Every structure is written in structure tokens, then in C-alpha cells.
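J.: Fold the following for me, if possible:
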Amino acid sequence: MQFQKLFKEGIRAGTITCSFRKWRSPQAKVGGQYNLHPMGAIEVTSVRLVTFSTVTDSDARYSGFADRSALARYLKAEDNDDVYRVDLRYLGNKSVKQPPKSKLSDSERARMRDRLDRMDERSSRGPWAWRTLCLINEQSGIRAARLAAQIGWETQHFKSNVRKLKQLGLTMSLETGYQLSQRGKDLLTK
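T.: Below you'll find the predicted structure:
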């Protein structure tokens, strides 16, 4: 899970204990530990799909907003929208170990290339996997909306595709934008 700078201090201080997200599907799991760079790490204690109309002013304050209206503006949420409520706890100043970011072996590289080729072939919107990987390589740290606009996609569709690459260990989310993982760099350079 990624958080903007303005929320990190509140999480560390314990005043922010939840987050609301407009995800198509959960992007965090209960028990998952995520780095809050550079302030340590958090653990997700609950992930629930709720209707925004059930969110209270108190809920909004625990997510770092003055009230429910401010949270609604930030999320661009209407009362009938479904949002994910993610409860979390701060684990302290130490980072948590993330999955290995090892280089690809020759056989893994061949399998990964085949997989991306198949992803491109099966896409109803045309090839995207290699194009997205190259775009992130060329423009690390650029907002998703700007990258999506460059290739004529909606932001949410672009983010969904980047998540597929992230699940393969090829990209990493930054506070703003993305970058290639070591495995992603290996795939493009050899």
C-alpha cells in the first residue's frame, strides 16, 4: 500500500488508523505488511468493502480528513459508491522485508518474455504489456494519469495493467508513479 506524505506522519503518530480506497478489487490483504518509506512499516488488520454512505465523520478523521465531506472530495465518492475500508496499525520505524528482487535467470527470462507476449496477444485493447514496461522504464516516478494519457488509456485501466506487471515482480509502486524492479530491468536489458 502506498500513502502520500501528508498521511504518513499521522499513521506514525497513531492518529490515522484506517484508509479508504476506491479499488476495483482489494490491493491489500489482512496481515500484509507494507513499508511506509521512510518511516517504518504498517500492518493491515482489516479490509472491508463498504458503501460510502456508511462512512462517518469519525471514520474520516481516523483516515486523516477533517470530516466525511473532505474524504468524499478526496476520493471523488458519492453516497452509493463502494469503497474499501482498510484498517491498519503502525509497526514501528523498521522496514519490513519485501519479496526478493533477484535477477531473472535465463530460463525465467524466457518464460517471462513468453508470458508478456501472450498478455499482449490476448488483450482486446491491443498490445500493452511491453509498451507499459518500456514507458515506466523511460519515465520512472511519473503520475499514472499522465502515463495513461500518453497512450490514450483511462487511468484506472492503466493502473490495473501495471498491477498485473507488479504481480509478476516487474514493477514497483512509488509514492508518485512507478519504477521497474530489478527483474523488470533485467527483462528489458537482456
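
J.: Low-confidence regions, the chain specifically.
T.: Within the chain, the ranges that satisfy pLDDT under 70 run 1, 97-102, 175, 190.

J.: Break down it into its strands, ranges please.
T.: 18-21, 33-35, 41-51, 82-92, 171-173, 178-180 (DSSP state E).

J.: just checking, L165 touches R131?
T.: No: contact criterion C-beta atoms under 8 Å: L165 and R131 do not qualify, at 11.0 Å. All C-beta spots, glycine's among them, are computed from the backbone N, C-alpha and C.

J.: Please identify which of the two sits among more neighbours.
T.: Shown here are L165 and R131; by other C-beta atoms under 10 Å, L165 has more neighbours (23 against 13).

J.: quick one: the longest helix along the chain to chain centroid distance?
T.: The longest helix of the chain (DSSP state H) is helix 106-122. Averaging C-alpha positions (C-alpha atoms, centre = their mean, to the nearest Å) puts helix 106-122 23 Å from its chain's average.

J.: For it, list every residue counted as buried.
T.: 112, 116, 119 (16 or more other C-beta atoms under 10 Å).

J.: got it, and stretch 9-20?
T.: Those would be 10-12, 16-20, for stretch 9-20 by 16+ other C-beta under 10 Å.

J.: can you tell which of the strands of the chain is closest to S124?
T.: Ranking the strands of the chain by proximity to S124 (C-beta to C-beta) places strand 171-173 first, at 21.9 Å.

J.: Partner strands of that closest one and their direction?
T.: Sheet pairing of strand 171-173 (DSSP bridges) gives strand 178-180 (antiparallel).

J.: dump the residue contacts of the nearest residue to I42 once chain neighbours are set aside.
T.: Closest residue to I42 apart from its sequence neighbours, by C-beta to C-beta, 6 or more residues apart in numbering: L88 at 4.7 Å. Residues in contact with L88 (C-beta atoms under 8 Å, 6 or more residues apart in numbering) are 1, 11, 17-19, 42-45.

J.: need these in a markdown table with distance to N35, can you?
T.: Shown next, in a markdown table, are the contacts of L88 (distance: C-beta to C-beta, whole Å):
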| residue | distance to N35 |
| --- | --- |
| M1 | 9 |
| I11 | 12 |
| T17 | 18 |
| C18 | 18 |
| S19 | 15 |
| I42 | 8 |
| E43 | 11 |
| V44 | 13 |
| T45 | 17 |
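
J.: tell me which of the residues you listed is nearest to A148?
T.: If you rank the contacts of L88 by distance to A148 using C-beta to C-beta, M1 comes first, at 20.7 Å.
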